[in-house]
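Participant: model the structure of this input:
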Amino acid sequence: MGKLKVFILAAVAVIAIFLIAGAIQNSDRKPDEYTLIFEGDNKAEVWADIAIQGENGVMYLGSMLLKDSAPTMRDVVETINHKNEGILIGMDDNGIITSVNECQNEKKHWNVYINNKRTSEQNIDAIQVSDYDGITLLYE
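Facilitator: Sure, this is the predicted structure:
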């Protein structure tokens with residue numbers, strides 16, 4: 001009977017640890033000193049994680065809080081460009097990313113991936129950003 005009680009207590013403790021860890025992991029994110037913040041219409045808060053990878057590896061990695069009900073990739077790009085992060089993303093008149101810093105040529109292009117899936121749309125005005133999206137700009 002004593003081993004059964006210890007086993008039950010151990011099982012309850014393991015379940016409690018998983019529940020507590022899940023609650024902590026799913027708690028609301030809070031911006032810190034490194035979080036970039038876009039101020040839009042302030043009707044919603046959308047979190048996104050951004051990675052920019054050029055020919056020689058990762059150029060930028062960060063988090064962004066977009067305070068807008070319908071944020072787009074243009075909001076992400078302009079926030080990065082205006083926050084002096086050492087990254088300057090160039091675009092043409094059609095909203096297509098043409099360069100990041102000096103990284104550009106005619107054989108490769110910058111592509112946008114949302115949650116590890118390449119977007120079919122190249123115009124950053126038409127690419128919607130949803131809560132907890134993982135955004136990658138990849139030079140390929």
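
Participant: name the single longest strand found in this protein.
Facilitator: strand 57-67 (DSSP state E).

Participant: show me which positions of it end up buried.
Facilitator: Using 16 or more other Cβ atoms under 10 Å as the test for burial, strand 57-67 gives M59, Y60, G62, M64, L65, L66, K67. In this view, the C-beta of every residue, glycine as well, is placed from N, C-alpha and C.

Participant: measure I127 to K30 for me?
Facilitator: 26 Å (Cβ to Cβ, to the nearest Å).

Participant: more neighbours, these two?
Facilitator: A direct count of neighbours by other Cβ atoms under 10 Å for I127 and K30 places I127 higher, at 21 against 7.

Participant: show me the contacts for E102.
Facilitator: Residues near E102 by Cβ atoms under 8 Å, 6 or more residues apart in numbering: none.

Participant: quick one: pLDDT of it?
Facilitator: Listed pLDDT for E102 reads 83.

Participant: re earlier: run through who's touching the helix or strand just after the longest strand of the chain.
Facilitator: As assigned by DSSP states H and E, the chain's next helix or strand after strand 57-67 is helix 73-82. Helix 73-82 has contacts (Cβ under 8 Å, 6+ apart) with 36-38, 40, 48, 50, 60, 64, 66, 68, 87-89, 91, 95, 97, 112, 124-125, 127, 129, 135.

Participant: I'd say L61 and A51 touch.
Facilitator: Yes - the pair L61 / A51 is scored as a contact, 5.2 Å apart, by Cβ atoms under 8 Å.

Participant: can you give me the helices for this structure?
Facilitator: 2-25, 73-82 (DSSP state H).

Participant: how many neighbours does the nearest residue to K108 once chain neighbours are set aside have?
Facilitator: Excluding the flanking residues, the one nearest K108 by Cβ to Cβ, 6 or more residues apart in numbering is Y139, at 5.6 Å. Number of residues near Y139 (other Cβ under 10 Å) recorded here: 19.

Participant: sorry, back to before: export the buried residues of strand 57-67 to CSV and tack on pLDDT and distance to D75?
Facilitator: Converted to CSV, the buried residues of strand 57-67 look like this (pLDDT from 0 to 100; distance: Cβ to Cβ, whole Å):
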residue, pLDDT, distance to D75
M59, 92, 20
Y60, 93, 16
G62, 93, 14
M64, 96, 9
L65, 96, 11
L66, 97, 6
K67, 96, 10
